[in-house]
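Trainee: model this:
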Amino acid sequence: MEFLTKETFKQKVFDYEKNTEWKFEGELPCIIDFYADWCQPCKMVAPILEELSQEFAGKINIYKIDTEKEQELSAVFGIQSIPSLLFCPKDDKPQMAMGALPKQTFIEAINDVLLGAKK
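Mentor: Numbers count the residues shown, from 1 in each chain. Here you go, the predicted structure:
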């Protein structure tokens, strides 16, 4: 799991200063966890994301963005509440989910949104 700054975000996810239209820069689809250290639900999600990053290693990347440190990134995505989770497929528009989701919901979203797995 990797913590993104504005610079690494632009390289690995989306260069919003260069592109007005969404253009995913990454090699693998990803989940971005917008969190803060003081946020209790964020702490509940953290171990789930840690497990998922191992279970889906090589298939997806999981990134974290500290909304306190990276306020510009939070503003770009209009983050109002945390945790907010941005699911970024390789060839489609990203989708935002809010709140502490259970692990099964993450797995379903990864398979549907990110990996496009057939039912």
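
Trainee: pull the contacting residues for residue 59.
Mentor: 28, 29, 115 (CB atoms under 8 Å, 6 or more residues apart in numbering). All C-beta atoms are positioned from the backbone trio N, CA, C, and that covers glycine.

Trainee: verify the stated contact: the second one with residue 114.
Mentor: Yes. Taking contact to mean CB atoms under 8 Å, the distance of 3.9 Å between residue 29 and residue 114 places them in contact.

Trainee: what touches both of these two?
Mentor: Shared contacts of residue 29 and residue 114, counting by CB under 8 Å, 6+ apart, come down to 60, 87, 88, 89.

Trainee: quick one: pLDDT of residue 20?
Mentor: Note on residue 20: pLDDT of 88.

Trainee: next, count neighbours for residue 80.
Mentor: Close neighbours of residue 80, defined as other CB atoms under 10 Å, add up to 8.

Trainee: so where does it fall, helix or strand?
Mentor: Per DSSP states H and E: residue 80 is located in neither a helix nor a strand.

Trainee: cool, and residue 9?
Mentor: helix 6-12.

Trainee: so which of the contacts of residue 59 are in strands?
Mentor: Judged by DSSP state E, those include no members of strands.

Trainee: please convert the buried members of those into PyMOL selection syntax.
Mentor: Of the contacts of residue 59, the buried ones go into a single PyMOL selection, burial set by 16 or more other CB atoms under 10 Å:
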select buried, resi 28+29+115
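
Trainee: tell me the phi and psi of the closest residue to residue 113 other than its chain neighbours?
Mentor: Distances taken as CB to CB, 6 or more residues apart in numbering put residue 87 closest to residue 113, at 4.6 Å, once the chain neighbours are dropped. Note on residue 87: its backbone torsions stand at phi -100, psi 120 [degrees, to the nearest 10].

Trainee: is the most centrally placed residue in the chain bridged to anything, and to what?
Mentor: By CA atoms, centre = their mean, the chain has its centre lying nearest to residue 32, at 1.4 Å. Counting by DSSP bridges, residue 32 forms beta bridges with residue 63, residue 86.

Trainee: list the residues that contact it.
Mentor: Contacts of residue 32 by CB under 8 Å, 6+ apart are 4, 13, 62, 63, 64, 65, 85, 86, 88.
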